[in-house]
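A.B. asks: output the structure for:
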Amino acid sequence: MFNKTLNAVWTYLKDWKNLLAHTLVGLLILAIGLALPIKPIYRIILLVVVIVLNTVRMKFSEKKEEVKVSIGK
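C.D. replies: Down below sits the predicted model:
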């Protein structure tokens, strides 16, 4: 169970688009945190939203690739 979760997280983070998104969001949170004190719960919510959107994007990308492969055969 733990290995499966760890592998899923590792696969998620290997995608450069996910790394870019998390880096940008992290820098944005840092900049906002320095300029405007916001509650940590809002930072956590933003991080969760980014993770969910990236996960959905990855699933759609996988389905598109599967369709392209099946059409090409």
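
A.B. asks: pull the distance from the helix or strand containing Val49 to the chain's centre.
C.D. replies: Assigning secondary structure by DSSP states H and E places Val49 in helix 40-72. Using CA atoms, centre = their mean, to the nearest Å, the distance from the centre of helix 40-72 to the centre of the chain it belongs to is 7 Å.

A.B. asks: can you tell me which helices and strands that helix packs against?
C.D. replies: Applying 3 or more CB pairs under 8 Å, 6 or more residues apart in numbering; DSSP states H and E, we find helix 40-72 packed against helix 2-14, helix 16-35. Quick note: C-beta positions are derived from backbone N, CA and C, even for glycine.

A.B. asks: and for the shortest one, what are the contacting residues?
C.D. replies: Under the criterion CB atoms under 8 Å, 6 or more residues apart in numbering, residues Asn18, Leu19, His22, Ile51, Asn54, Thr55, Met58 lie in contact with helix 2-14.

A.B. asks: the inter-axis angle of the least confident helix or strand in the chain by mean pLDDT versus helix 2-14?
C.D. replies: Ranked by mean pLDDT, DSSP states H and E, the helix or strand of the chain with the weakest confidence is helix 40-72, at a mean of 76. Helix 40-72 and helix 2-14 are oriented at 80 degrees to each other (axes from the mean of the first three to the mean of the last three CA atoms, to 10 degrees).

A.B. asks: so which bits of helix 40-72 are buried?
C.D. replies: In terms of neighbour count (16 or more other CB atoms under 10 Å), helix 40-72 has its buried residues at Arg43, Leu46, Val50, Ile51, Asn54.

A.B. asks: my read is that the last one contacts Leu20, right?
C.D. replies: No - distance between Asn54 and Leu20: 9.9 Å, which falls outside the contact criterion (CB atoms under 8 Å).

A.B. asks: hang on, the earlier thing: mean neighbour count and distance to Glu62 for the helices and strands packed on helix 40-72 - can I get that in CSV?
C.D. replies: Formatted as CSV, the helices and strands packed on helix 40-72 follow (neighbours: other CB atoms under 10 Å; distance: least, CB to CB, whole Å):
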stretch, mean neighbour count, distance to Glu62
helix 2-14, 10, 11
helix 16-35, 12, 13
